[in-house]
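**Student:** Dropping a prediction and its sequence here:
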Amino acid sequence: QSGRRYNLFLKRRLRIDKRHESKDSIFFRDGVRRIDFVLSYVDDPNKEGEKKLERRKEFESNLQKAGLELETEDKKESEDGKIYFVKIHAPWEVLITYAEVLNIKVPIRENDIPSTVENPLDCMLAPLRLPESVMHPEPDYFTAPFSKDKQELYLINDESTFFSPSMRNRIVNYILTRCPYGTEEGKKKFGIKRLLNNGTYSAAYPLHDCQYWKKANDPNCDNERYTLYMEWARFLRFYKEQPLDLIRKYYGEKIGIYFAWLGFYTEMLFLAAVVGLICFLYGLFTMDENMSSKEICDPVIGGEIIMCPLCDRDCEYWRLNTTCQSSEYSHLFDNVATLFFAVFMGIWVTLFLEFWKRRQARLKYEWDLVDFEEEQQQLQLRPEYEAKCTQKRRNPVTQEMEPYLPVTSQAVRFCISGATVLFWVSLIIASMIAVIVYRLAVYAAFASLMENTQSLQPISGLLTPQLATSVTASCLNFVIIMILNFFYERIAIWITDMEIPRTHMEYENRLTMKMFLFQFVNYYSSCFYVAFFKGKFVGYPGAYTYMFNRWRNEECDPAGCLIELTTQLTIVMAGKQIWGNIQEAIVPWICNWWGRRKARNNPENLYSRWEQDHDLQTFGALGLFYEYLEMVIQFGFITLFVASFPLAPLLALMNNILEIRVDSWKLTTQYRRPVAAKAHSIGVWQEILNGMAILSVVTNAFIVAFTSDMIPRLVYYYAYSESEDSPMSGYINNSLSVFLISDFPDRNRPKENPEGLVICRYRDYRYPPDHEKRYLHTMQFWHILAAKLAFIIIMEVCSLQNFLPKMIP
């Protein structure tokens, strides 16, 4: 053991003696040529090792033929003695050649147009501002696409710094994705992605410019990573504006536009959160004035109303005032403010989408993307498409031969893809039905347990069978959602790869639609069930409806189903946000801590910059995809079902304040630097948001009409109230119908009736047993139904999605 330590000591001394300077550098050994990209690999002792070695030699040889300069770090120089690092530098000739190919815009003259007039409120907003050097890290220029033949027109002061590091890594990545490495099985093979997939290389990444917690020793380093960490990625800066120009400069426009959208969305949520909180406080302060809960809690009224059993045979008759507390809590969300807030959110979602379009157009101008349709690299053929499509045909526009996928092959692949997606959506629906069956089966057990167990009597007023079933089913549903998500993410990527999309943009759009469709059904199906199906198809005592002819359908609480929708929404929404932050922040931190644990015992100057970044997590090509997906699903929660939960925007606001800092922290400290990419918009997500906004008008109209008790109360108030002094008194008695216990069939009749009861009540509008139309719907039922349908029609016709966008310039 001591001999081993001595050898290790000698090894370190030799390394220190060999190179006294720090390896925490972003340059080649000469200290002049900048490292634009790094490839890493390990020796493979298996038979595949020789084949991988041949691939690497051919690939690196072709990179050098393309003009790139390489420098290899032997594995003896690495921390673990196993990893080789190939450092890549793009010289000036390569940069200007591919800058023209990629149509990169560069400065031709500094902008001399005077800035806009200062806002008089700037002095008040000063605490929220960042220093000017952080907000605008470089001057504003007039730009033009680069051309090798017109270099004298551009502001080329220093060739080594003319192209920013993000531009340089874009160019090198473009070369890497198209560089060939040989022919296998009669097919031409190329691209770093394929080499990463088959294990020839273990990683490929551009370098961060410095360590995030301190500045680099090199005086020429911009230390942009350090600035981003200090001014943006720390949670204590949550109240500060985001340095979007610096984010764009360091990470590229695609990541910049995401943080711009997330920041704008969070700002707009502030207004919705304030109004939602006011509506919630209104419900809280008027709780004692709610006539419905007063009557339910009154021993003379609610205490004397005997309700029909909640389940067949085993459940007993129960008194209405046992739901006193739950009826009081339901008023928090089911009151007149619910209607106001639903209308307000219809206005808010329209304003959000329209103002974002304006903000996006401004960013396009400021970031010089006005005449940019899509990044050329995004619209060019994917290497995987070129590799798998062996047939070629002439492009009628460019007159060049291009690979193509035959129509028959496309049809087969789409059929398999569609069948797979349909299967997984069916699996979600089946799991939802399983949860519904669980609700029906457990509901009877909870009802029987709470009625017959004396120890549960103290909490029976708060924890009703309906609420206990709803909470446990919501938790079970959340667990199923997470499990299905885990598997489907991998399935969605696999079937999208199988379709062989032609371009990168086409690939992202197809994957986006598959993932969103699945997530939409997965997250929202349980909420749709509670909002629009639960309690709507119950039947009535003596003629209950059953699922699969076995389980009796659930009933809503006498105070309404809205509180159960609120419970479902809160558990799924809050659970998703908590789990998402754990996945995004804690998991990468633990992985990086575990990977770097050995490096802490070694001198810092031996822990090279490329090794430090190698030990970080990979952001991946779909990194932003998952960020957008998470936020769009949250957007659905606060728009589709917001009428049931006014605090949803407040929860989303608090999550997003944390989300911005978590995303920035992990991107700056826990992940390798992503390859810069251009984007002028949030892409297909804009259309998804527009679709959800239109759907939200429909869902909220139906929630107010059919899930809330607002319409029945208004109909009673204006048409059936018998008291001028207290128009809502008698509403509870009016909303409950009468059933003759002797009419119970044997299947439904309770085993015991110790009090010798003759009648029981149930929630519906039906004629009493002594009426000639016994148990048929009353005229009041049809009046209420007409009022509900009229409300939906009016809300749809007057939808602000149709008129408000036309009023915004």
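**Tutor:** All right, it came through fine.

**Student:** all contacts plus neighbour counts: C-alpha atoms, from now on.
**Tutor:** Will do.

**Student:** Can you show me the helices along the stretch 451-600 of the chain?
**Tutor:** Counting by DSSP state H, counting those that start in this stretch, the stretch 451-600 of the chain has helices at residues 465-499, 504-532, 562-581, 587-596.

**Student:** now do the stretch 651-800 of the chain
**Tutor:** Taking DSSP H, counting those that start in this stretch, the helices of the stretch 651-800 of the chain run over residues 684-702, 710-715, 731-735, 779-797, 800-807.

**Student:** Of these, give the one that comes closest to residue 407.
**Tutor:** Of all those, the one in closest proximity to residue 407, counting by C-alpha to C-alpha, is helix 684-702 (25.2 Å).

**Student:** Taking helix 779-797 as reference, get the angle to that closest one.
**Tutor:** With axes from the mean of the first three to the mean of the last three C-alpha atoms, to 10 degrees applied, the angle from helix 684-702 to helix 779-797 works out at 150 degrees.

**Student:** ok, back up a step: now the helices of the stretch 451-600 of the chain as JSON lines including distance to residue 645, mean neighbour count and mean pLDDT?
**Tutor:** Output for the helices of the stretch 451-600 of the chain, formatted as JSON lines (distance: least, C-alpha to C-alpha, whole Å; neighbours: other C-alpha atoms under 10 Å; pLDDT from 0 to 100):
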{"stretch": "helix 465-499", "distance to residue 645": "16", "mean neighbour count": "18", "mean pLDDT": "82"}
{"stretch": "helix 504-532", "distance to residue 645": "12", "mean neighbour count": "19", "mean pLDDT": "85"}
{"stretch": "helix 562-581", "distance to residue 645": "6", "mean neighbour count": "20", "mean pLDDT": "83"}
{"stretch": "helix 587-596", "distance to residue 645": "31", "mean neighbour count": "15", "mean pLDDT": "77"}
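
**Student:** Lowest average confidence across the helices of the stretch 651-800 of the chain, which one?
**Tutor:** Among these, helix 800-807 carries the lowest mean pLDDT, a mean of 55.

**Student:** quick revisit: nearest to residue 689, of the helices of the stretch 451-600 of the chain?
**Tutor:** Ranking those by proximity to residue 689 (C-alpha to C-alpha) places helix 504-532 first, at 11.1 Å.

**Student:** helices and strands around that closest one, which ones?
**Tutor:** Helix 504-532 sits against helix 376-379, helix 407-452, helix 465-499, helix 562-581, helix 623-640, helix 684-702, with contacts defined as 3 or more C-alpha pairs under 8 Å, 6 or more residues apart in numbering; DSSP states H and E.

**Student:** can you list the ones you listed in a markdown table and add distance to residue 340?
**Tutor:** What follows is these, written out as a markdown table (distance: least, C-alpha to C-alpha, whole Å):
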| stretch | distance to residue 340 |
| --- | --- |
| helix 376-379 | 45 |
| helix 407-452 | 31 |
| helix 465-499 | 26 |
| helix 562-581 | 16 |
| helix 623-640 | 14 |
| helix 684-702 | 11 |
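
**Student:** Mean neighbour count and distance to residue 126 for the helices of the stretch 651-800 of the chain - can I get that in a markdown table?
**Tutor:** Shown next, in a markdown table, are those (neighbours: other C-alpha atoms under 10 Å; distance: least, C-alpha to C-alpha, whole Å):
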| stretch | mean neighbour count | distance to residue 126 |
| --- | --- | --- |
| helix 684-702 | 19 | 32 |
| helix 710-715 | 19 | 45 |
| helix 731-735 | 18 | 55 |
| helix 779-797 | 16 | 42 |
| helix 800-807 | 13 | 32 |
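
**Student:** May I see those arranged in TSV, with distance to residue 286 as well?
**Tutor:** Shown next, in TSV, are the helices of the stretch 651-800 of the chain (distance: least, C-alpha to C-alpha, whole Å):
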stretch	distance to residue 286
helix 684-702	23
helix 710-715	15
helix 731-735	17
helix 779-797	25
helix 800-807	30
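
**Student:** So which of the helices and strands packed on helix 504-532 is nearest residue 234?
**Tutor:** helix 562-581 (15.2 Å).

**Student:** For the closest one, what is the distance to the chain centroid?
**Tutor:** The chain centre lies 14 Å from the centre of helix 562-581; the measure is C-alpha atoms, centre = their mean, to the nearest Å.

**Student:** angle of it against helix 465-499?
**Tutor:** 40 degrees.

**Student:** What are the contacting residues of helix 562-581?
**Tutor:** Contact with helix 562-581 is made by 329-330, 333-334, 466-467, 470-471, 474-475, 478, 523, 526-527, 530-531, 634, 637, 641, 644-645, 648, 651, 655, 659, 662, 707-708, as judged by C-alpha atoms under 8 Å, 6 or more residues apart in numbering.

**Student:** Could you export it as PDB, CA atoms only?
**Tutor:** Written as PDB, here are the backbone C-alpha positions of helix 562-581 (Å, rounded to 0.1, in the frame of the first residue of the first chain):
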ATOM      1  CA  LEU A 562     -65.300  21.800  -7.400                       C
ATOM      2  CA  ILE A 563     -63.400  21.200  -4.200                       C
ATOM      3  CA  GLU A 564     -62.400  17.800  -5.500                       C
ATOM      4  CA  LEU A 565     -61.200  19.200  -8.800                       C
ATOM      5  CA  THR A 566     -59.200  21.700  -6.700                       C
ATOM      6  CA  THR A 567     -57.600  18.900  -4.700                       C
ATOM      7  CA  GLN A 568     -56.800  16.900  -7.900                       C
ATOM      8  CA  LEU A 569     -55.300  20.000  -9.600                       C
ATOM      9  CA  THR A 570     -53.200  21.000  -6.500                       C
ATOM     10  CA  ILE A 571     -51.700  17.500  -6.000                       C
ATOM     11  CA  VAL A 572     -50.800  16.900  -9.600                       C
ATOM     12  CA  MET A 573     -49.500  20.500 -10.300                       C
ATOM     13  CA  ALA A 574     -47.600  20.900  -7.100                       C
ATOM     14  CA  GLY A 575     -46.200  17.300  -7.200                       C
ATOM     15  CA  LYS A 576     -45.000  17.800 -10.800                       C
ATOM     16  CA  GLN A 577     -43.300  21.100  -9.900                       C
ATOM     17  CA  ILE A 578     -41.500  19.700  -6.900                       C
ATOM     18  CA  TRP A 579     -40.400  16.500  -8.700                       C
ATOM     19  CA  GLY A 580     -39.300  18.600 -11.700                       C
ATOM     20  CA  ASN A 581     -37.100  20.800  -9.500                       C
END
